[in-house]
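Trainee: Mind folding the following:
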Amino acid sequence: VHRPRWLCCVLCAVAVKFCCLDPAAFALSSCQPSLRARLAGRMPTTAAKRTAVIGRQASRAESESKNLNNFLGIAGIAASLLVAWSEYTLKNTGCGLPAGPYGLLGFAEGISYLTVVGLCGYNLYTSRRVDDSRGKREWGGLLEAASGLSGLVVLLGLVVLYFQISDY
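Mentor: Presented below is the predicted three-dimensional model:
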């Protein structure tokens, strides 16, 4: 059975396209040389497809990491400011913030204390690592600011604790 040359070329192109075969290794013997060169140059190889997918996944993961770092930075700064307000109130009145409506302010204060202590501890843990194989941490500006502010608030808390012990 004689098949037309153009049908063989189309079938080869479809097989290369949908089977993810390497067009350079695929035998396009029935195609004209110029068409074979165009098909080989236009269709990406499997390795090129894998590299593109890995690159997209890496950029997506980097973007998600950057968004998470920004969110954690904003939450850490807000928690540090709330803890600083609580410590100021503790120093001036002898007790912390009031519970607020439905206890929401007291709940936020408690979560903020946990967040600040956790952020300060994680900052100390990651900044004191000796392991060079892990490399430098890449937190971003907001998370670094929140980390520094949490350390400052913890030191302020120790000063307020000293005053509490000496006053009462």
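Trainee: From here on, just use CA atoms for contacts and neighbour counts.
Mentor: OK.
Trainee: now P98, what's its secondary structure?
Mentor: Assigned by DSSP: H, G, I helix; E, B strand; the rest coil, the conformation of P98 is coil.
Trainee: Can you get me a residue count around it?
Mentor: Using other CA atoms under 10 Å as the criterion, P98 is surrounded by 13 other residues.
Trainee: thought it was touching F107?
Mentor: No: P98 is not in contact with F107 according to CA atoms under 8 Å; the separation is 10.3 Å.
Trainee: Common neighbours of those two, please.
Mentor: Common contact partners of P98 and F107 (CA atoms under 8 Å, 6 or more residues apart in numbering): none.
Trainee: hey, C-alpha coordinates of the helix or strand hosting L104 in PDB?
Mentor: Using DSSP states H and E, L104 sits within helix 104-127. Output of helix 104-127 as PDB, limited to C-alpha atoms (Å, rounded to 0.1, in the frame of the first residue of the first chain):
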ATOM      1  CA  LEU A 104     -10.300  38.600  71.800                       C
ATOM      2  CA  LEU A 105      -7.600  41.000  72.900                       C
ATOM      3  CA  GLY A 106      -6.400  38.700  75.600                       C
ATOM      4  CA  PHE A 107      -6.300  35.800  73.100                       C
ATOM      5  CA  ALA A 108      -4.400  37.900  70.600                       C
ATOM      6  CA  GLU A 109      -1.900  38.900  73.400                       C
ATOM      7  CA  GLY A 110      -1.300  35.300  74.300                       C
ATOM      8  CA  ILE A 111      -0.800  34.200  70.700                       C
ATOM      9  CA  SER A 112       1.500  37.200  70.200                       C
ATOM     10  CA  TYR A 113       3.700  36.200  73.200                       C
ATOM     11  CA  LEU A 114       4.000  32.700  71.700                       C
ATOM     12  CA  THR A 115       4.800  34.100  68.300                       C
ATOM     13  CA  VAL A 116       7.400  36.500  69.500                       C
ATOM     14  CA  VAL A 117       9.200  33.900  71.700                       C
ATOM     15  CA  GLY A 118       9.100  31.300  68.800                       C
ATOM     16  CA  LEU A 119      10.400  33.800  66.300                       C
ATOM     17  CA  CYS A 120      13.200  34.900  68.600                       C
ATOM     18  CA  GLY A 121      14.100  31.300  69.300                       C
ATOM     19  CA  TYR A 122      14.100  30.400  65.600                       C
ATOM     20  CA  ASN A 123      16.200  33.400  64.800                       C
ATOM     21  CA  LEU A 124      18.800  32.300  67.400                       C
ATOM     22  CA  TYR A 125      18.700  28.800  66.100                       C
ATOM     23  CA  THR A 126      19.200  29.700  62.400                       C
ATOM     24  CA  SER A 127      21.700  32.400  63.000                       C
END
